[in-house]
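*Asks:* Next comes the sequence, and after it the predicted model I'd like to discuss.
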Amino acid sequence: MLLSEFAGNAELKYELSEIMKRGTLPHAIIIEGAAGTGKRTLADIIAQYCVCTAESGRPCGKCNSCMKAEKKIHPDIVYADGEKKELSVDSIRNIRTAAYIKPNEAPMKVYILSNCEKMLAPAQNAFLKVLEEPPQNVQFIMTVKSASSMLQTVRSRARIFSAYPAGIEDSVKIAEKRFPNKDIDEIRHTAEICDGNIGMTLQMIENGGEEAQKLAEEIFSAITQSTEYPLLALTGRLTADRNFAVNVLDCMAEIAADCVKASVGVKVSSQAAVNMAERYSRKRIAETAEHIWNARKILNTNVNLNLFCTWLSAVLRT
Ligand SMILES: [Zn+2]
C-alpha cells in the first residue's frame, strides 16, 4: 500500500510524506494508536520506503524490493511481535547483535517491533543501548497502543507518530471493498458501532458483527425473563465459534456499560440497557456488568466453550 492510500490521518500522512521526500527519517520511530487504527500498515509502508530501490518517489510499489516487502519476504525487514513473546530480553539482545550486520540486499535494514506494550522494562533497557548508538543504515519502527507505556528514555530517542481511527466514511468504503456481498446498511451500522475504527470494523464484520450485536441484545432481554431456558439456549449459540463469542461479549460489555449509566439516569441509546435499568436495582445491574466483564476476560483464556456458556447463563441469572 502507498502512503496516499492509507485511510484518514491526513496530518500524519502529510508529516510522513514530507519526511520521506526530504529523506530525513529518524532512525527510530514509535507509532502509537488503538488497535485497528492501522499501525502495522503504516509500519509496512515505512519499511517499504526504506528498502525501495527506486531513484525517486519511494516507495514505488513496483520494484523487486517493494514486491518482496509487500509479500513480507524481504530479507532485510525483520519482524518481532510482542504478542508472540518475541520482545523478551534475549530476543532484543539478538536483534541488537544482528542490527550491526550489513543489510543483505537493500540499502537499509528495517526492524518492525510490534505490540511494544508487551516489551517489559528490562527488554526496553536492553533495546535502549542500540538506540543510543544506532548502527548505520538501520531503521527501527515500534508500534504500541500508547507510547506512554514505553520508558521515557526510549521515547526520547524516537520520533512518535499517533494514528487515529480513520472515520466512518472511510471504514465503510474499505469494508465495502473487502466484503462486496455484504449489505451496505449493515456495513455502515458496524462502522458506526466501531466509531470509525477500520480494523475493528473489518474484524467485526468477519466475525459476524451484526449477528453478534443482535444476539447480545437478545441475551440481555433473556436475563430478565422468568424462565431459565431462553437464556440457556441463547448463550448456547456462543459455543459455535470463539471469535464470534468474543464479539458477542464485547457487545454485551457495551450494553452493560450503558445499563450502568441508565441506572443513574443518564440517557443511553441501547433499548436493551434501558429495559434492564427499569427492572433491576442498581446493585443487581452493577453485578451483572461485573459478571459480563469477567466473562469477557475468561474468553481470553483457553476455556472450554460449552462449560463457559453454561456458567455464563447461570451467573447472569443469580
Ligand atoms: Zn520500490
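*Replies:* The structure has been received and is ready for your questions.
*Asks:* So which other helices or strands are in contact with the one helix or strand residue 250 maps to?
*Replies:* According to DSSP states H and E, residue 250 maps onto helix 242-263. Judged by 3 or more Cβ pairs under 8 Å, 6 or more residues apart in numbering; DSSP states H and E, the packing partners of helix 242-263 are helix 209-223, helix 271-279, helix 282-298, helix 305-317. In this view, the C-beta of every residue, glycine as well, is placed from N, C-alpha and C.
*Asks:* Columns mean pLDDT, distance to residue 173 and mean neighbour count on top of those helices, output as TSV?
*Replies:* Output for the helices and strands packed on helix 242-263, formatted as TSV (pLDDT from 0 to 100; distance: least, Cβ to Cβ, whole Å; neighbours: other Cβ atoms under 10 Å):
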stretch	mean pLDDT	distance to residue 173	mean neighbour count
helix 209-223	86	17	20
helix 271-279	88	29	17
helix 282-298	92	30	16
helix 305-317	90	35	17
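*Asks:* JSON lines please, covering those and showing distance to the ion.
*Replies:* Converted to JSON lines, the helices and strands packed on helix 242-263 look like this (distance: least, Cβ to the ion, whole Å):
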{"stretch": "helix 209-223", "distance to the ion": "36"}
{"stretch": "helix 271-279", "distance to the ion": "51"}
{"stretch": "helix 282-298", "distance to the ion": "43"}
{"stretch": "helix 305-317", "distance to the ion": "46"}
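*Asks:* any chance of the ones you listed in CSV, with distance to residue 256 too?
*Replies:* Output for the helices and strands packed on helix 242-263, formatted as CSV (distance: least, Cβ to Cβ, whole Å):
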stretch, distance to residue 256
helix 209-223, 8
helix 271-279, 8
helix 282-298, 4
helix 305-317, 10
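*Asks:* Tell me which of these sits nearest to residue 28.
*Replies:* helix 282-298 (33.8 Å; Cβ to Cβ).
*Asks:* Pull the distance from the closest one to the chain's centre.
*Replies:* The gap between where helix 282-298 is centred and where its chain is centred comes out at 24 Å by Cα atoms, centre = their mean, to the nearest Å.
*Asks:* Repeat that for stretch 208-215.
*Replies:* On Cα atoms, centre = their mean, the centre of stretch 208-215 falls 19 Å from the chain's centre.
*Asks:* Residue 100 and residue 133 touch, don't they?
*Replies:* No. Residue 100 lies out of contact with residue 133 (Cβ atoms under 8 Å); the separation is 9.4 Å.
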